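1. Let me see the structure of the following:
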Amino acid sequence: MPIIVNLDVIMAKRKISLNELSERVDLTLSNLSILKTGKAKAIRFSTLDAICKALDCQPGDILEYIDEDKGV
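-> Numbering: from 1, shown residues only. The predicted model follows:
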């Protein structure tokens, strides 16, 4: 999939655990883990909003587009 989720990178930079983020955004550990590992097929804007608020970041810090046709 050409959308890369960099949630783990931002969490490491902010020194926040999965458990702590889960509590802050009111999302289950399993759903947050699916997102963190890049296995999610979709994300709600309300979830993205809550994550960005909790991590003090922008959506572009978490989501990245890679053009598979160009290999970049």
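2. Assess the claim that I51 and I62 are in contact.
-> Yes: contact status for I51 versus I62: in contact at 6.6 Å, counting by CB atoms under 8 Å. Quick note: C-beta positions are derived from backbone N, CA and C, even for glycine.
3. what do these two both touch?
-> Residues touching both I51 and I62 (CB atoms under 8 Å, 6 or more residues apart in numbering) are L7.
4. can you give me the helices for the chain?
-> According to DSSP state H, the chain carries its helices in the segments 7-14, 18-25, 29-36, 45-55, 59-62.
5. Give me the angle between the longest one and helix 29-36.
-> Taking axes from the mean of the first three to the mean of the last three CA atoms, to 10 degrees, helix 45-55 and helix 29-36 form an angle of 90 degrees between their directions.
6. The first one too?
-> Using the same axes, to 10 degrees, the direction of helix 7-14 lies 100 degrees away from that of helix 29-36.
7. P2 and D69, how far apart?
-> Distance, P2 to D69, using CB to CB, to the nearest Å: 9 Å.
8. Near the closest residue to L48 other than its chain neighbours, how many other residues are there?
-> Nearest non-adjacent residue to L48, counting by CB to CB, 6 or more residues apart in numbering: P59, 5.6 Å away. Taking other CB atoms under 10 Å as the criterion, the count of residues near P59 is 12.
9. quick one: P59 and T47 touch, right?
-> No: between P59 and T47 there is no contact under CB under 8 Å: 10.9 Å.
10. Am I right that N19 is in contact with L27?
-> No: with contacts counted by CB under 8 Å, N19 stays clear of L27, the gap being 11.3 Å.
11. More neighbours: which of these two?
-> L27 (18 against 10).
12. Show the contacting residues for the residue nearest to the more buried one when sequence neighbours are not counted.
-> Closest residue to L27 apart from its sequence neighbours, by CB to CB, 6+ apart: T47 at 6.5 Å. Contact analysis of T47 by CB under 8 Å, 6+ apart lists 25, 27, 35.
13. State the distance from T47 to L35.
-> As judged by CB to CB, T47 and L35 stand 8 Å apart.
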